[in-house]
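Engineer: quick check, what structure comes out for this input:
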Amino acid sequence: MSFDFLCKTILVGASGVGKTSLIQRYIDDIFIPEKDSTIGIDYKTKDVEIEDSTFRLQIWDTAGQEKFHISLSSSIYKNTNVLIVVFDLTNKETVNSLEYYFTEIENNCRKNPLIVLVGNKCDLIENQIENVEEKVKQISNEKEFKLFKTSAKERTNVNELFYYIAKTIKENPKKYGVIKQNKLNKNENLKEENLKEVDLNNDDNNNFNNKKRNKCC
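Structural biologist: Residues are numbered from 1 along each chain as shown. Take a look at the predicted model:
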């Protein structure tokens, strides 16, 4: 299927916040309660129709462990249009780690990506930490990031999240470095970078490797 715009979207956040579950819910409409932790990166694509334009969202899943981010930072953030920063509403430590990801984005993104803040696992109301929501709203307001509360398990706001991204990009694609497809075809180097696969076992980062270990949501 042809598309008008290619939008590289990356999910980042601490291990276990549910990045993989959000992608699985959006792409395949499934939820797996226990999922092995992602090592490295992986991506899937989905097309979104906004008025008369088709947006191909290239959605990248990343490892939550800091040691993998250190080795991937310069590669994964290249030509990124959208950053979805995910935290767990039931885990205060994942909220405390947000500043780490904000700094990482600032240090590695050359462009000005659209940044969206996502609090996952909103279905677990009884386990939500006191004052977490208040703190996150403050962060969202200060940094002017759109905030979504989602549940991959219950489908809450998952489709709405990605529709918001496509609609926002549609309003001003140049602002976020999104290139119309007919122009993108003239720049194969950019296209190759957007589709680049990474191998954590290869120092040159030329291949793709996505393994799984440990347990997370």
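Engineer: longest helix of this protein?
Structural biologist: Looking only at the chain and at elements set by DSSP state H, the helix with the highest residue count is helix 158-171.
Engineer: spatially central residue for this structure, please.
Structural biologist: Nearest to the mean C-alpha position of the chain, by C-alpha atoms, centre = their mean, lies Leu11 at 1.8 Å.
Engineer: that residue sits in which helix or strand?
Structural biologist: Secondary structure assigned from DSSP states H and E places Leu11 in strand 5-13.
Engineer: taking their axis directions, that strand and helix 158-171 sit at what angle?
Structural biologist: Compare the direction of strand 5-13 with that of helix 158-171 by axes from the mean of the first three to the mean of the last three C-alpha atoms, to 10 degrees and you get 130 degrees.
Engineer: now do strand 5-13: which elements does it pack against?
Structural biologist: Judged by 3 or more C-beta pairs under 8 Å, 6 or more residues apart in numbering; DSSP states H and E, the packing partners of strand 5-13 are helix 19-28, strand 53-62, strand 82-88, helix 98-108, helix 158-171, helix 181-184, helix 188-194. Placement of C-beta: from N, CA and C, glycine included.
Engineer: deepest in the core, which of those is it.
Structural biologist: The highest mean neighbour count among the helices and strands packed on strand 5-13 belongs to strand 82-88 (a mean of 25), with neighbours defined as mean count of other C-beta atoms under 10 Å.
Engineer: report the buried residues of the helix or strand following that one.
Structural biologist: Of the helices and strands lying after strand 82-88 in sequence (DSSP H and E), the nearest is helix 92-96. Applying a neighbour-count criterion of 16 or more other C-beta atoms under 10 Å, the buried positions in helix 92-96 are Lys92, Thr94, Val95.
Engineer: which ones are touching the nearest residue to the first one once chain neighbours are set aside?
Structural biologist: Closest residue to Lys92 apart from its sequence neighbours, by C-beta to C-beta, 6 or more residues apart in numbering: Ile129 at 4.7 Å. Contacts here follow C-beta atoms under 8 Å, 6 or more residues apart in numbering; on that basis Ile129 touches Leu89, Thr90, Asn91, Lys92, Val95.
Engineer: thank you kindly, that will do.
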